[in-house]
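**Q** Structure of the sequence below:
(one chain, ligands or ions: 1)
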Amino acid sequence: MVKLVAFAGSTREKSYNQAIIEVAVEGAREAGAEVKLITLADYPMPIFNQDDEAEHGIPEKAQQFKELLIEADGFLIASPEYNSSYPALLKNAIDWASRQAGDEKVLAAYKGKVAGIMAASEGALGGMRVLVTLRMLLENIGTMVLPNQKAISRVNTLLDESGKVSDEKTIKQLKLLGKQTAELAVKITAS
Ligand code: FNR
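**A** Sure thing, here's the model as predicted:
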C-alpha cells in the first residue's frame, strides 16, 4: 500500500484549503492509499535561518515533519495563494524538510516522490497562480507533480454550514485528484 502525507498550507481555523484537502484525501483512501492527514499547526517551526541551523541543528518539530515526508511515497498539498505565490508557512516547512543532516541523502524527503496539488480561493482564479509556483518548487527538488491539478474558485459558495465541501462536482474533481495521485505513487514505487 502506498503512503501519502496530506496537508494544507494554511493553519486558519476555517481554512478553505483544509476543507479541500480533506476531500482529496478521501479520494486517495478510496483508491487504496494509506494517507496521513496532518496540519502544519502541529509542526510549528521557526523561520529558517542558516546560522541557527548551524548552531542548534534542525528543530524537533521540523525534524518530525521531515521524517513524515521521508517515510511517504507522495504528498497531497492544498495551498492558499498569497500575492500570486505560496504562503511563507508552506515554503518554510518545505525548506526545513529539504535540509541534509549527517549522512542523510540530500533531499531524501522529496526525491522520487509524487505530489497532487490544489488550491482554493474566494476569487475567480481559485489560486491558479500559486499552483504554477508550487509545481516549479516541488519539481526543482525532485518531486514529480501530477499534471492534473485543481484551483477551486469561489470556494465559499461550495461549502455547507460546517465548512465542508458540499458541491458534488467539486467533490468529484478533488477525489479524482486524490485517486490519481495515489495511482501515480503506485506506479513510481513499482518502477
Ligand atoms: C490573499 N488572498 C489571495 N487570494 C487570491 O486568490 N490571490 C492572491 O494573490 C491572494 N493574495 C493574498 C495575500 C495575502 C497576504 C492574504 C492573507 C490573502 C486571499 C486568500 O486566498 C484567502 O485568504 C484564502 O482564504 C486563504 O486560504 P485559507 O486560509 O482559507 O486556506
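
**Q** so where's the chain shaky on pLDDT?
**A** Residues of the chain meeting the criterion pLDDT under 70: 102-103.

**Q** hmm, what's the outermost residue in it?
**A** The C-alpha centroid of the chain is most remote from residue 55, which lies 29.1 Å away (CA atoms, centre = their mean).

**Q** what about it, distance to residue 82?
**A** Residue 55 is 30 Å from residue 82, where distance means CB to CB, to the nearest Å. Placement of C-beta: from N, CA and C, glycine included.

**Q** Then residue 163?
**A** Computed with CB to CB, the distance linking residue 163 and residue 82 is 20 Å.

**Q** just checking, what packs against the lengthiest helix in the chain?
**A** Assignment by DSSP state H gives helix 168-190 as the longest helix of the chain. Using 3 or more CB pairs under 8 Å, 6 or more residues apart in numbering; DSSP states H and E as the contact definition, the elements that helix 168-190 packs against are strand 3-8, helix 16-30, strand 74-78, strand 114-120, strand 150-152.

**Q** Go again with 6 Å.
**A** Contact here means 3 or more CB pairs under 6 Å, 6 or more residues apart in numbering; DSSP states H and E; on that basis helix 168-190 packs against helix 16-30, strand 74-78, strand 114-120.

**Q** List the contacts of residue 127.
**A** Contacts for residue 127 (CB atoms under 6 Å, 6 or more residues apart in numbering) come out as 81, 119, 121, 151.

**Q** Name all residues that make contact with the third one.
**A** So that's residue 121. Residues touching residue 121, when contacts are defined by CB under 6 Å, 6+ apart, comprise 81, 127.
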